[in-house]
Structure formats: C-alpha cells, structure tokens
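Student: predicted model, plus sequence, below.
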Number of protein chains: 2
Amino acid sequence: MKIHNFSAGPAILPASVMEASARAAVDFNGMGLSILEISHRTKDFEAVMAEAESLVRELSGAGDDYAVLFLGGGASTQFFMAPMNLLNDEDTACYVDSGVWATKAIKEAKNFGKIEVLASSKDRNYNYIPKDYAVAPQARYLHLTSNNTIYGTEIHEWPETDAPIVSDMSSDMFSRPIDIERFGLIYAGAQKNLGPAGVTLVIVRKDLLGHTTRKLPAMLDYRIHADNGSMYNTPPVFPIYTLMLTLRWIKEQGGLEAMALHNVQKAQLLYNEIDTNPCFTGTAVEEDRSLMNVCFVPVNPEHEAPFMEACKAAGISGVKGHRSVGGFRASIYNAMPQESVQVLVDVMRDFAKKVG
Amino acid sequence: MKIHNFSAGPAILPASVMEASARAAVDFNGMGLSILEISHRTKDFEAVMAEAESLVRELSGAGDDYAVLFLGGGASTQFFMAPMNLLNDEDTACYVDSGVWATKAIKEAKNFGKIEVLASSKDRNYNYIPKDYAVAPQARYLHLTSNNTIYGTEIHEWPETDAPIVSDMSSDMFSRPIDIERFGLIYAGAQKNLGPAGVTLVIVRKDLLGHTTRKLPAMLDYRIHADNGSMYNTPPVFPIYTLMLTLRWIKEQGGLEAMALHNVQKAQLLYNEIDTNPCFTGTAVEEDRSLMNVCFVPVNPEHEAPFMEACKAAGISGVKGHRSVGGFRASIYNAMPQESVQVLVDVMRDFAKKVG
C-alpha cells in the first residue's frame, strides 16, 4: 500500500531525491565509494557544497552581501546563536510570540540582550498571528517565526519596519518567494522543506556581523563559518547532499513561484473540504491559515478515533494533531503531491457520508 | 575496480552498514517510508535511539552514572561545550598539547576557566605523545586527545591521575577496550570509527554536571540533552541510524577486544613493511605509533609522485599525507579490512623492487 506521509517533521521529501540519496549511499558519482565514507575535502563533495550554496542564492535572491551557511545543531541552536552574534548585552531586539518555538527563541535570546516581546497570541492558544505592534526604534532586529507548525498559522504579510527581520523559517522555507531585502537573518532546520534532519540553513547579512564585542566560540561565530564556506569543521555531509538534491528539485519544478502556486492549490483543496464538511472545523483564524500545516478538529469529539482509523486504512500517516491543539494536522510541505491531499479529502468526505 | 578507502575522515564504514543505510533511505523497517522522511518521535526511530544508547553502554561499560548523548556540531563544538559545562571561570583544568586538534581544544577552553597546558610535543612537529607531566591537584579534569590523526600518534598508556580524564576520542573511539572509570567525559565525532559525519557521541559522568554556575543555552547544556534522551530538539536521524548499525556491527565482530586484535594485526602488517622497505620511513616515534593512522614519508622525496600513481593504479584512495607532515597517511579504522592493507603493502613492495 502506498503511504501518504503527512508528518509535521522530519517530513516528506521528493521521491526522486530519496532515491538518488540512497544510490549515493552505495556509490557516489561513480567514485566506487559511498557518500557516507568520503572526505568532505574531496572535489566531489566540494562541488556539492558549492552547488547547494549557489542554489540557495538563486532561489532566495541573496547576493554577496549575505553569507549562506549550512550548520549542525538545528534551529534550536539558532535561537541563541542569532542573538549571541547580533547583540551586545545592552542592545535591544524585538520578538513576537506566535507559539512554542517563538517562546523558546525569546527565552534563549534573553541571555544576550534586552528583549522586548511586542505581542503574543498566547491568549487564544496561538491560533492567530499577532499583528498590531510597534517595533522599538532602537531595535537591532525584529524576530518572527514565519510559520507555526503546531498551530497551523503563517505570516502572509510581513510587517513594515526599518529593523532587519530575523526569521525562523524552519517550516515554510522555500515554500514561496522571499523578499530577501527585508531580512537580516533567516534560519531553517532542513527537516521540513529542505532535506533530512541534521543540517540547518542560515542566510545572514554580513554587515550585521562583527558588531558584538562578546567572545564567541569558533563554532558559534557566523563569520568563521562564512570565511570557511561552512567547512570550518567536518560538515554533516549526507544531510547536505540530500538538501542540495532537494533544492535542485525545487528549481526544476519552476522555483519558488511554482512552489507557491502548487502549495496554494493543495491548501485550498484541503481548507475547502474542512470548511464545507460538517464533521470538521479548522482551528486557525482564516486569514492566518498556514499553507504548510493544516490543523482541524472533529465537530464531534467521539469522531476522533474512527476518523484516525479511516485515515490509517487509506495509507494516510502522520495526521495526529499536536497534543497542545488536539484533533488532526495535515502537513503538506513542498514535496507533498496533490494526489495525496486528494486521498485525505476523499477520506474526509467518505467519513462524513458514513457518520452523517 | 575495487576502491580501497584509506581516507582519514569521513572514512570507511562496514560495507554491510552502508548497504543497510541505503536500503533504509528507500524503505525503513518495511514502513513504506524512507528514514529520511519519518518523525524522530515514531516508535521505529525511538527504538533506534534506544538501541544506539544501549550498544554504547555495552561496548564502553558506561553505567547509569554516565549520560550517553548523540549531538550535532562535531567534536569542534565539544572543544568549548566541555569546559563550558564542567568549569567555572575560577576553576583549573589541565590540557596536553599533542597536535592541532588539542591546540584548538585549549584555545576554546581558555574562555571558560584557568587552563594549564602541562606539556606539548610541538617541538618535534607532534611526532610523539607528551608523557612526563604532573597534573595540578586542583584540576577539575585532564584533557587528552587519544589519537592524533594528522601525525599518526596515539596514547597507549593513560597517565596515572586522580583527576577525571576528558578525552577527544574522535579518531580511535571503540577501536579498543575502554577503562571507563578513568574518564569523566569522552567525546567523538562519528566520522572515523562510528558512522557518517553529522553526529557526535558524548559519554559524560553525571556527577560532574551542575557544578558550573554560568547560564547555559539549552542546546549547550549536557543535562538538558541527558534529560531528553538526546531528543530535546530533532536529532540528526539518518547519521544516528548509521551509527547504530555500525555499533551493532562492532558487537557482531566480537566487541572491542576483537576490534583491538584486528586493528593491531593490520597496523603491524603495515608498520613492518614501513620498517623493512628501503623506500619509506615512519614519521611517528615507535612507542607512540597510532593503530588508526599510519604516517610515512618516502626516503627519496622524488618518489612521492610515482608512489602516489602506483597507489592510484591499484585502487588505493586517500593516502596523501596531511600538508603539515607530508608524504603518506594510511588510515586503517575499524572497518578497514586486512585485505586492503595487504594491497597497500604489496604496492609498497612492488614499488621498492621497481625503483631499487
């Protein structure tokens, strides 16, 4: 049976990418060696790194004024590494609290500067994106979580501000075009739209670096990674290779405009069903609905278990909602085909007919 | 042509491990999903984590008084994370400088305590292991690099000291039995003996944690990783899976005693050839020779290029020495079969016959 993978992350990757990665784990580039056993200093892997960086620049529009880095440690490491690199203790940075991951970013930042939390949507269990707030004029940056995986909310309009935006884009990176000029720093754990777990993409405006006077361990200094092309130490070779293949796939599909169109179509299909099906209700406010994570609950709580059974019978995997929201969450990242979304919609319709 | 992979790292892994990893990248455990696209919270991956930890404990002898962690960021991250977690600013730790990696560990540690460098072998380009030194009685730990990849030296007898030893074992971890009681903390980037690049094994004595009063970012706090079974954030799933398979392979081969025997036999075969072949000389002093990285230079410098050609013709890859030593370096980690070492020895003999 074909499995439809709606996991929130680590998440579905393009089938062709997973197959090519598996082949490289046996024989990479016809070298007679696996990508798991070659030096990161071989010219074959240096070419992978160069292509990955070049694809990130092409897709994001980031020019030479930005550094593009591939680091270990996940987005959780960026929660403290970003303020550690961008702030001195007496500097101010503004944060918006749009969920659990934003809360963690705020907590970690507080050790490295004066952190102003401008707004929070905690009052309604984070089911909307906070909007009306004023950024402190002295703020060195404004931190925003672009997509909130747990609650199914996403920023569709970036706020007007003179401060550079620092954004955790872990769960919607490269799902739509980026207006790179607005951003001082973007970070994204790979394991949703970009590749497997184990590598984090960082794009940072070079002129923001070197401002802090604090002593940074080498591995926590963006400048050292930038000066060494993300090869200051041995990088996570295989995750970077799979990430590069995924970026290549995005480009082949037509780039970020094509991704956005594809993602809007899939999300509309699913949200339309949620809005018309009498058995289900969406949890996020309509204008802030995520195109990546679609959260919904059964109108009748007793329908939760039988609907989950119906999903399982159809090969639908990973739709259990996060415990803090309950119900269901269908994650429909870039690599999710429309056909799989249609299978879920069909199961929802059949379910309504049966119980209705 | 079969390629014999003598790369210093990332390095050769058991063929069966690479094949099984490749299969899991297509379909993991018959789930109908790739290991690249499954949540780290699936019971299938939780079983991988549990088995990896259990194998580390079985092989190392580490009991419940030690935490076993799988972290991102490489051994270079441990250079600062270890002193950051184990020291206060006014505490003393002792270090021995046995090469470039030890020098980096010393440099990073200096930001977190009073670092005493007890001895250095820099005077002879690190071709020996410093030995006669006295550990300061107030030292919270003694830091040693167990194997020096670049220079081909290895500690064969651990010094007597009351201080717990903190050791970077990146390039000889699980190549021989460990007397775990001597160690306060062991760290090892996976990409030599343990798995692919992208994960670092840490074994740390729990009673050494919680001593420092400094504020630690969550991702840099060993206790948080220990409390969360290395799942505080999304771990590097695929590298950990391959690491687990490699540990399973070590156990199947007979464990660390069997590894040590196998490694001694391979090293003897190669060192015997170096010592008897008129064309080559070993660079490390005899009593400190590494069983993992065998460094040698041609007696006649003009033989360097033609010997490299002869290696290439025989399918021998990765034997170019590090630029700071020159000549040749054959890395013969756990997964290197004796047959491949014999191929290298045969090429050395043929070469001597031809040029002699």
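Tutor: Perfect, thanks for sending it. Note that the coordinates shown come from a computational prediction; the quantities given were computed from them, not determined experimentally.

Student: surely A:I240 meets A:L69?
Tutor: No - between A:I240 and A:L69 there is no contact under Cβ atoms under 8 Å: 11.0 Å. Where C-beta positions appear, they are placed from N, C-alpha and C, glycine not excepted.

Student: so between the two, which is more surrounded?
Tutor: A:I240 (26 against 21; other Cβ atoms under 10 Å in any protein chain shown).

Student: which secondary structure element contains that one?
Tutor: helix A:237-252 (DSSP states H and E).

Student: and the average pLDDT for that helix is what?
Tutor: For helix A:237-252, mean pLDDT rounds to 98.

Student: quickly list the domain ranges of chain A.
Tutor: A:15-252, A:255-355 (automatic domain parsing).

Student: of all those, which one is nearest B:Y151?
Tutor: domain A:15-252 (17.7 Å; Cβ to Cβ).

Student: what separates the closest one from the chain centre, distance-wise?
Tutor: 9 Å (Cα atoms, centre = their mean, to the nearest Å).

Student: and the host helix or strand of A:V96, what does it pack against?
Tutor: Taking DSSP H and E as the criterion, A:V96 maps to strand A:92-97. Helices and strands touching strand A:92-97, by 3 or more Cβ pairs under 8 Å, 6 or more residues apart in numbering or on different chains; DSSP states H and E, are helix A:100-109, strand A:114-120, strand A:139-145.

Student: let me see the contact set for the residue in the stretch 201-350 of chain A that chain B sits nearest to.
Tutor: As assessed by Cβ to the nearest Cβ, chain B sits closest to A:P236 within the stretch 201-350 of chain A, at 3.2 Å. Contact analysis of A:P236 by Cβ atoms under 8 Å, 6 or more residues apart in numbering or on different chains lists A:70, A:72, A:198-199, B:72, B:197-198, B:236, B:239.

Student: ok, the residues you listed vs A:D227, which is closest?
Tutor: Of these, the one sitting nearest to A:D227 (Cβ to Cβ) turns out to be A:F70, at 14.3 Å.

Student: so how far is A:H225 from the closest one?
Tutor: Per Cβ to Cβ, to the nearest Å, A:F70 is found 8 Å from A:H225.

Student: joint contacts of the two?
Tutor: Joint contacts of A:F70 and A:H225 (Cβ under 8 Å, 6+ apart) are A:V202.

Student: residue boundaries of the helices in the stretch 251-356 of chain A?
Tutor: Listed in chain order, the helices of the stretch 251-356 of chain A (DSSP state H, counting those that start in this stretch) span A:255-276, A:304-313, A:338-355.

Student: before we move on, back to that, so which elements touch the helix holding A:I240?
Tutor: helix A:15-24, helix A:43-60, helix B:237-252.

Student: that older thread, filter the contacts of A:P236 down to just the ones in helices.
Tutor: B:P239 (DSSP state H).

Student: in strands, which of the contacts of A:P236 appear?
Tutor: Counting by DSSP state E, the part of these found in strands is A:F70.

Student: ok, the contacts of A:P236 vs B:S146, which is closest?
Tutor: Checking the contacts of A:P236 one by one against B:S146 (Cβ to Cβ), the nearest turns out to be B:A197, at 19.3 Å.

Student: re earlier: please identify the deepest-packed of the helices and strands packed on helix A:237-252.
Tutor: Burial of the helices and strands packed on helix A:237-252 is given as mean neighbour count (mean count of other Cβ atoms under 10 Å in any protein chain shown); helix B:237-252 ranks first at a mean of 24.

Student: which stretch among the helices and strands packed on strand A:92-97 comes nearest B:S121?
Tutor: helix A:100-109 (39.9 Å).

Student: got the buried residues for that closest one?
Tutor: A:100-106, A:108-109 (16 or more other Cβ atoms under 10 Å in any protein chain shown).

Student: what angle do that helix and strand A:139-145 make?
Tutor: Relative orientation of helix A:100-109 and strand A:139-145, computed by axes from the mean of the first three to the mean of the last three Cα atoms, to 10 degrees: 150 degrees.

Student: CA-only coordinates of helix A:100-109 in PDB, if you can.
Tutor: Provided in PDB are the C-alpha atoms of helix A:100-109 (Å, rounded to 0.1, in the frame of the first residue of the first chain):
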ATOM      1  CA  VAL A 100       6.100  27.500  21.500                       C
ATOM      2  CA  TRP A 101       9.100  27.800  19.200                       C
ATOM      3  CA  ALA A 102       8.900  31.600  19.400                       C
ATOM      4  CA  THR A 103       8.700  31.300  23.200                       C
ATOM      5  CA  LYS A 104      11.900  29.200  23.200                       C
ATOM      6  CA  ALA A 105      13.600  31.700  20.900                       C
ATOM      7  CA  ILE A 106      12.700  34.600  23.300                       C
ATOM      8  CA  LYS A 107      13.900  32.600  26.300                       C
ATOM      9  CA  GLU A 108      17.300  31.900  24.800                       C
ATOM     10  CA  ALA A 109      17.700  35.500  23.500                       C
END
